[in-house]
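Participant: give the three-dimensional model of this entry:
(2 chains)
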Amino acid sequence: METESQPVVHSEHRINYPKFLWRLIVQATEGRPLYYAWMTFLTALALVGANAWAQQIESGMITTNMTDQVSWGLYIANFTFLVGLAAGAVMMVIPAYVYRDRDMHDVVIVGELLAIAAITMCLMFVVADLGRPDRFWHMIPGLGRFHWPMSMLTWDVIVLNGYLLLNLHICGYLLYTRFLNRRPNPAWYVPFVFLSIVWAISIHTVTAFLYQGLGGRPFWNTALLAPRFIVSAFVTGPAFIILTLQILRHTLGLQVTDKPIATLMGVLRITVLLNLFMLASELFTQFYTGGTHVTAAEYLFFGTHGKNELVPWIWSSITMNVIAAMLLLHPGAGTKRWLLNTACVLVFFGVWIEKGMGLIVPGFVPSTLHELVEYAPSMNEWKITVGVWAAGLLVYTIALKVALPVLTGKISLSGTSNTAAKP
Amino acid sequence: MEAENKPTGISRRTVVKGAAATLGAAAFARAMAPIMNWSETTSLDEFVQKHYRELNSQEMNDVLRRLERETKENYGADVTINDIKPMQGVVFGYALNLSICIGCRKCAEACHKENNHDRPSHNAYIRVLELDQGSMNLENANTTYTHPVPAPGKYYMPVQCQQCENPPCVNVCPVEATWQEADGITVVDYNWCIGCRYCEAACPYHARRFNWRKPEISATEINPNQAYLSNRIRPQGVVEKCTFCLHRTRVGRLPACLEACPTGARVFGNLLDPNSEIRWVLENKRVFVLKEELGTKPRFFYFFDV
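Facilitator: Numbers count the residues shown, from 1 in each chain, chains lettered A, B, ... in the order given. Now for the predicted structure:
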C-alpha cells in the first residue's frame, strides 16, 4: 500500500532517481519474443528512414518531389496531422480530471504518453523538412534570433515544446512518486494537468494559424481552419486511443474496463459528425460562391485542366469518414467491438488524408501565379515518413512498456513483488 | 514476468542485449553515413557564423574572404564578394509598361546570368505570364509558352519580387533570416536561413526560390561581381529571391533585367527623388499593383501606355 507522504530528503533522490531510470531501462529491454520482434521491426524501419534522411541532407531536397510551386509536402502534411493526434489525447485528460471519471483516470497515462510520442514525431517531421537542419540553433532564443511574436512558426515552437515538457513532467512525476510508493502531491501535477488541457487546444490552434494567416493562399485563408483542426484532432485522438487500449489489454495486460472506451466512443460519435458538417460548410462556401478562389478546391475534389492527382485521395478520405460516421451511429457500435474498431481505423486514415494531402498540398495548387504544378511524394519522402512513424511508435511502445508496470506497482523501489493495489 | 529476470552478474541475456545494442549502433552509423560526406563540405566557421546584422566589419570581412575562397574551391572561379550597404535617401521602385512588353523573356535570361543561378534548372527570379487580351485573370495565364512572341490576342506580364512595403515573407520567417533594408529591398542572409520555406508559402507573388540542391554553374559562366546579400552563389538548402540587383543598383547602375529589355518596358529608380523617371511614371500613368487587396503594398508597379 502507499505510504504516507513524508518530507523528502533531497539527497535521497540522488540515489533513487538513477535507480528509477535504471529499472525503466531494464524494463524496456526485457520482454516476450513478440515484443522483441515488434521492436526489431520498428528499429529496422526507423533505420531506413534515418538513411533516407542522411541522403536528403547530402544530395539536397532535390530527393523530394517538392518544387518551388508546391514547397511543402508529405512532411508538413504528417506534421499537421500529428499535432492533432497529440492534441486529441486531451480527450482522456478532460474526463479523467475535469469530470473525475475514475476508470478513465486509471488509464489516462495512455493518452499523455501518446501526446509525448506524437509531439516527438512532429519535431522529427519539422527537422526532416528543413533544408539546413545544421542551423537549427538559429531558432534557439538567446543563441539565435527567435522572431517572436511576429512569426507564427515561433509560436508553434513554443507551444509544441511546452506541451511536450508539460506531459513529460506530468508522466515523469506520477511514475516516479508511484515508484517510490508515495502519494503524489497534487500541487506538483494537478495545475500542470489543467494547463495541459488549455495547451492542447493551443497547439492545434497555432498550427492552424500557420496556414490560416497567409493572405496569398485563399484555400487556407479561412476562419474555419482552426476550429476544423480542433474537431478533427478530437476525432483521431479518441480513435487511436480506443484501438490502443484494446491492444494493450491483450499485449501488456492493461487493466482497463469498457467504460473509458465507451466514453471515448461518445466523444467520437459527435466529433466525426461535426467534422463532416464543417466539410459541408466549406464545400458550400467554395462552390456556391464560385470565382477564381475556388480553383484549389476544384482541383482537390474534381481535378481541373486535366490535373487530378489529389482527387482519389480526398474522395477516399470522405468515404472513410462517412462510413465511419454511419458505423458509429449504428446502435450496435456500443456492443459490437468490430464495428467500433473498423470505424476507428477508417477515421484515423480518413483524417490523415484530410489534414495532409487534402489540406497542405492543395494550398499550393494552383500556385500564387496560378500555375498548376502537381505533387506526389518521392520514394525518399515515403521512407523518411515511415521512418519517423516507426521512431514515434518506438517511443510510444517503450513509454507504455515501462509506465504500466510502474503504475500497477510491479516495479517499485521496495521490490518487485509489491502488492500495491490501485486506490 | 519481466521483472523477475533481474540480472545478477553477467548473464547470457545481458550479453545478447549488449550484442544487439552494438549491432543497432553500427547499423545506425551506417545509415547516417551520407551525412559525413556532406559535413565535409560545411566548415566550422560557417556553422558558427553570426547573423548578418551582428557581424562587425572585421568579422564581415573574414566571412567575405572565406566565401571567395570557398567559391574558388568549389567552383574554380575567382570572384569578388562585397557587402554593399543601402544608399542614404533612396527607396527603390520599379515600373513595367505592359503595353510594350512583348514577352521575349530577355529579362529572365539576364537575371539567370547576372545572379549566378543554377544552370540545369534555368532558374530566374522573373516569370513572364502570357495573358488573354481583355482579361487580367491570372488563372488563364500561361508561363510555359514556346511559340513566337508577341502572339496575337495576347499580352505579357513579367512578375518578380514586388519588394513589398509590408512583406508577408519577412513576417513569417522564424529566425529573421530575411528582412527589409532601408532602401526597401527585402534580402535573405543565405548563411542564416534554415530552409523551412515558410516565406515561400507566404509570398503571394511566387517570388521566392529554394535551392533544392547545390547550384551547378561552370567557372566561365560565373558572374564574378558579387554581393553577400544578392548574387553570390547560394548554398544548398536555403531560400533566395530577387534583390533588384542590389550589387548594381546600390552603386548607381540599373538592374540586369532592365538593361536586357529590348523594348524599354522597364523603368527603375529612386521613389524619394521627385525628378526621377519612376516618379514621373507614377504621377502621369494609370498605374496598378498586383493583388492590391492583400495589403502588401508592392513597390513594383504596372501600367498601360495607351
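
Participant: in stretch A:254-270, what counts as buried?
Facilitator: A:254, A:256, A:260-261, A:263-265, A:267-269 (16 or more other Cβ atoms under 10 Å in any protein chain shown). C-betas here are computed from N, CA, C, even on glycine.

Participant: show me the helices in the stretch 201-350 of chain A, by range?
Facilitator: Taking DSSP state H, counting those that start in this stretch to define them, one finds helices in the stretch 201-350 of chain A at A:225-251, A:258-289, A:295-301, A:311-329, A:337-355.

Participant: element containing the spatially most central residue of chain A?
Facilitator: With distances taken as Cα atoms, centre = their mean, the residue of chain A nearest its centroid is A:L85 (2.8 Å). Secondary structure assigned from DSSP states H and E places A:L85 in helix A:74-88.

Participant: and the pLDDT at the residue nearest to the centre of chain A?
Facilitator: For A:L85, the model assigns a pLDDT of 97.

Participant: contact partners for it?
Facilitator: Neighbour list for A:L85: A:114, A:118, A:233, A:236-237, A:240 [criterion: Cβ atoms under 8 Å, 6 or more residues apart in numbering or on different chains].

Participant: please repeat the previous calculation with a cut-off of 10 Å.
Facilitator: The contact partners of A:L85, taken as Cβ atoms under 10 Å, 6 or more residues apart in numbering or on different chains, are A:114-115, A:117-119, A:121-122, A:204, A:232-233, A:236-237, A:239-241, A:348, A:351-352, A:355, A:392.

Participant: repeat that for A:P366.
Facilitator: A:P366 touches A:69, A:219, A:292, A:295-296, A:298-299, A:304-305, A:307, A:372-373, B:138-139, B:141, counting by Cβ under 10 Å, 6+ apart.

Participant: show the pLDDT at it.
Facilitator: With respect to pLDDT, A:P366 has a value of 93.

Participant: and what of B:K6?
Facilitator: We have a pLDDT of 49 for B:K6.

Participant: low-confidence bits of the chain, can you list those?
Facilitator: Looking at chain A here, since you left the chain open. Low-confidence segments of chain A (pLDDT under 70): A:1-9, A:415-423.

Participant: try chain B instead
Facilitator: Along chain B, the model assigns pLDDT under 70 to residues B:1-9, B:306.

Participant: ok, now with 80
Facilitator: Residues of chain B meeting the criterion pLDDT under 80: B:1-10, B:40-41, B:306.

Participant: the strands in it, which residues?
Facilitator: Ranges of strands in chain B, per DSSP state E, are B:80-82, B:92-97, B:127-132, B:154-159, B:178-180, B:186-188, B:208-210, B:225-227, B:239-241, B:266-270, B:286-288, B:300-304.

Participant: next, count neighbours for residue 156.
Facilitator: Going with chain A. If you count neighbours by other Cβ atoms under 10 Å in any protein chain shown, A:D156 ends up with 21.

Participant: that's the wrong chain, I meant chain B
Facilitator: Around B:Y156 there are 22 other residues, counting by other Cβ under 10 Å.

Participant: so it bridges to which residues?
Facilitator: Partner residues in beta bridges with B:Y156, using DSSP bridges, are B:E130.

Participant: same question, B:F300
Facilitator: Partner residues in beta bridges with B:F300, using DSSP bridges, are B:Y94.

Participant: isn't it right up against B:M157?
Facilitator: No: if you go by Cβ atoms under 10 Å, B:F300 and B:M157 don't touch, sitting 11.1 Å apart.

Participant: next, the residue of chain B found nearest chain A: phi, psi?
Facilitator: Nearest residue of chain B to chain A (Cβ to the nearest Cβ) works out as B:G195 at 2.1 Å. Dihedral pair for B:G195: phi 80, psi 30, per degrees, to the nearest 10.

Participant: in contact with the closest residue to it other than its chain neighbours: list those residues for me.
Facilitator: Spatially, and ignoring its direct neighbours in sequence, B:G195 is nearest to A:G131 (2.1 Å; Cβ to Cβ, 6 or more residues apart in numbering or on different chains). Contacts here follow Cβ under 10 Å, 6+ apart; on that basis A:G131 touches A:56-57, A:60-61, B:193-197, B:210-212, B:235-239.
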